[in-house]
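Asker: Fold the following and give me the result.
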Amino acid sequence: MKVRLVVAVMGVALLGAFFFARSGPTVAPDFPTNMMIADQSEVVIDIPNGSTGSEIAQLLFENKVIKSSEAFFRVAVGDKRSEKIAPGNHRISQNISAQQALEQLLDADRIPNLIRIYEGGWKSEVVTELVAYGFDKQEINKAFAQVVLPKGFKDSEGLLFPAQYSFAKGTSALQAVQAMVDRFTAEPVAQQLLMGDDKFTASELLTIASIVQAEGGEKDFSKVSQVIRNRLKIGMPLQMDATVHFVKKLRGQIFLSSQSTLINSPYNTYKKYGLPPGPIGSPGVAAMTAALQPASGDWLYFVTVAPGDTRFTNSFDEFNTWKALYVKNRKAGAFK
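Answerer: Numbers count the residues shown, from 1 in each chain. All right, here's what the predicted structure looks like:
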């Protein structure tokens, strides 16, 4: 028999870090980790926005999900994924181990009406997600006009933190959008980025992070960040394909035609020198970190010659050699 129990509805933002106390018995009471059975009782709990680890644990305990709150504390603090638990409704089994409880809280399939914002996601894509969720398009547009942004920002592009969101019934479009921005400002690396540095404003750093997110694989983020800085330092156009893809709203494109580089837009870094006027998507933590902490190197060029093989150089001749290899591999179907 499945039991649906909805507890107090409050949450509209993702959780921050877990806080807990290392106290109590050495071994916390816990249910054994068993295989799930088809008719196991379930509850639907709602995790309020900003809940701490202790509050989540208590919520699970009160709804007979876990045997003790202390057991969940210990599991959560030992697993960094616990920071990604979303607020809102979660369908979860009763009488399960603390580890199973954490796994179910992280299971997107157990979060009804989930909105997913992916790393590099555009504001236009978030609007589409919100409409699909059931929000009114006019209310969404009004929300973006009214949302409170960090100092120095005039638009929410880049500030809608990539994560999973589940909103309680009755949540307004403005509350939903504000939750995404607030989740960004709650992220420690974002807080550092918002301070700017001796060379770039917060908006410029976020713009760099958004380009890094779109242009490179995570292992190359810090190098791409340095290429951007190196080009800006010598007054060289950035010529980043992702900025044109942003203008044309093209996803999944690795090829950029010569005609596309002529598009008239302040975001077209083939025609315009310097950084574009703002972010080209919402970067994740790794890309923001790379924007703040670029690798050390004199690279001016990079090209992905094959999936997983991105090469960096300060030699235009070497770049052209690698570019020819990229063209050969693309025509051979390596990038399917």
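Asker: Show me which positions of the longest helix along the chain end up buried.
Answerer: Counting by DSSP state H, the longest helix found in the chain is helix 316-331. The neighbour-count check on helix 316-331 (16 or more other C-beta atoms under 10 Å) flags Phe319, Trp322, Leu325, Tyr326, Asn329, Arg330 as buried. Every residue, glycine included, has its C-beta placed from N, CA and C.
Asker: and of these, the nearest to Tyr133?
Answerer: Closest approach between the buried residues of helix 316-331 and Tyr133, by C-beta to C-beta: Arg330, at 37.0 Å.
Asker: so who does the closest one touch?
Answerer: Taking C-beta atoms under 8 Å, 6 or more residues apart in numbering as the criterion, Arg330 is in contact with Ile254, Phe255.
Asker: With Phe184 instead?
Answerer: Pro150, Leu159, Leu160, Phe161, Ala190, Ser282.
Asker: In helices only, show me those residues.
Answerer: Ala190.
Asker: got JSON lines for the contacts of Phe184, with distance to Ala290 too?
Answerer: Output for the contacts of Phe184, formatted as JSON lines (distance: C-beta to C-beta, whole Å):
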{"residue": "Pro150", "distance to Ala290": "20"}
{"residue": "Leu159", "distance to Ala290": "18"}
{"residue": "Leu160", "distance to Ala290": "19"}
{"residue": "Phe161", "distance to Ala290": "17"}
{"residue": "Ala190", "distance to Ala290": "13"}
{"residue": "Ser282", "distance to Ala290": "15"}
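Asker: Just the buried ones out of the contacts of Phe184, please.
Answerer: Buried by 16+ other C-beta under 10 Å: Pro150, Leu159, Leu160, Phe161, Ala190, Ser282, out of those.
Asker: quick check, nearest of those to Lys142?
Answerer: Set against Lys142, the nearest of the buried ones among the contacts of Phe184 by C-beta to C-beta is Leu160 (16.1 Å).
Asker: my read: the closest one touches Val126, true?
Answerer: Yes - using C-beta atoms under 8 Å, Leu160 is in contact with Val126, at 5.2 Å.
Asker: Would you confirm that Val305 contacts Ala324?
Answerer: No - assessed by C-beta under 8 Å, Val305 is found out of contact with Ala324, at 9.2 Å.
Asker: Flag the helix or strand of the chain with the lowest per-element mean pLDDT.
Answerer: One helix or strand of the chain scores below all others by mean pLDDT, DSSP states H and E: strand 164-165, with a mean of 85.
Asker: Counting by contacts, list what that strand packs against.
Answerer: Applying 3 or more C-beta pairs under 8 Å, 6 or more residues apart in numbering; DSSP states H and E, we find strand 164-165 packed against strand 115-116, helix 173-186.
Asker: re the thing from before, can you add distance to Ile117 and pLDDT and give the buried residues of helix 316-331 back as TSV?
Answerer: Output for the buried residues of helix 316-331, formatted as TSV (distance: C-beta to C-beta, whole Å; pLDDT from 0 to 100):
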residue	distance to Ile117	pLDDT
Phe319	34	96
Trp322	33	95
Leu325	35	95
Tyr326	30	92
Asn329	32	92
Arg330	30	89
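Asker: Let me have the residues you listed in JSON lines, extended by distance to Val65.
Answerer: Shown next, in JSON lines, are those (distance: C-beta to C-beta, whole Å):
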{"residue": "Phe319", "distance to Val65": "56"}
{"residue": "Trp322", "distance to Val65": "54"}
{"residue": "Leu325", "distance to Val65": "54"}
{"residue": "Tyr326", "distance to Val65": "51"}
{"residue": "Asn329", "distance to Val65": "51"}
{"residue": "Arg330", "distance to Val65": "50"}
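Asker: residues touching Ala143, list them.
Answerer: Applying C-beta under 8 Å, 6+ apart, the residues near Ala143 are Ser172, Ala173, Leu174, Ala176, Val177, Gln178.
Asker: Give the helix, strand or coil label for Ser156.
Answerer: coil (DSSP: H, G, I helix; E, B strand; the rest coil).
Asker: whoops, Glu55 was the one
Answerer: helix.
Asker: which residues does it contact?
Answerer: Contacts for Glu55 were tallied using C-beta under 8 Å, 6+ apart; they are Pro48.
Asker: Do a quick rundown of the helices in the stretch 201-336 of the chain.
Answerer: 202-215, 221-234, 241-248, 285-292, 316-331 (DSSP state H, counting those that start in this stretch).
Asker: Pull up the pairing partners for the least confident helix or strand of the chain, direction included.
Answerer: strand 115-116 (antiparallel) (DSSP bridges).
Asker: Now do the strand it pairs with: everything it contacts.
Answerer: Strand 115-116 has contacts (C-beta under 8 Å, 6+ apart) with Ala108, Glu129, Leu130, Tyr133, Gln164, Tyr165, Ser166, Phe167, Ala176.
Asker: Next, format those residues as CSV and append neighbour count and distance to Thr313.
Answerer: Converted to CSV, the contacts of strand 115-116 look like this (neighbours: other C-beta atoms under 10 Å; distance: C-beta to C-beta, whole Å):
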residue, neighbour count, distance to Thr313
Ala108, 10, 40
Glu129, 19, 39
Leu130, 23, 42
Tyr133, 17, 45
Gln164, 17, 38
Tyr165, 28, 41
Ser166, 23, 45
Phe167, 27, 47
Ala176, 23, 44
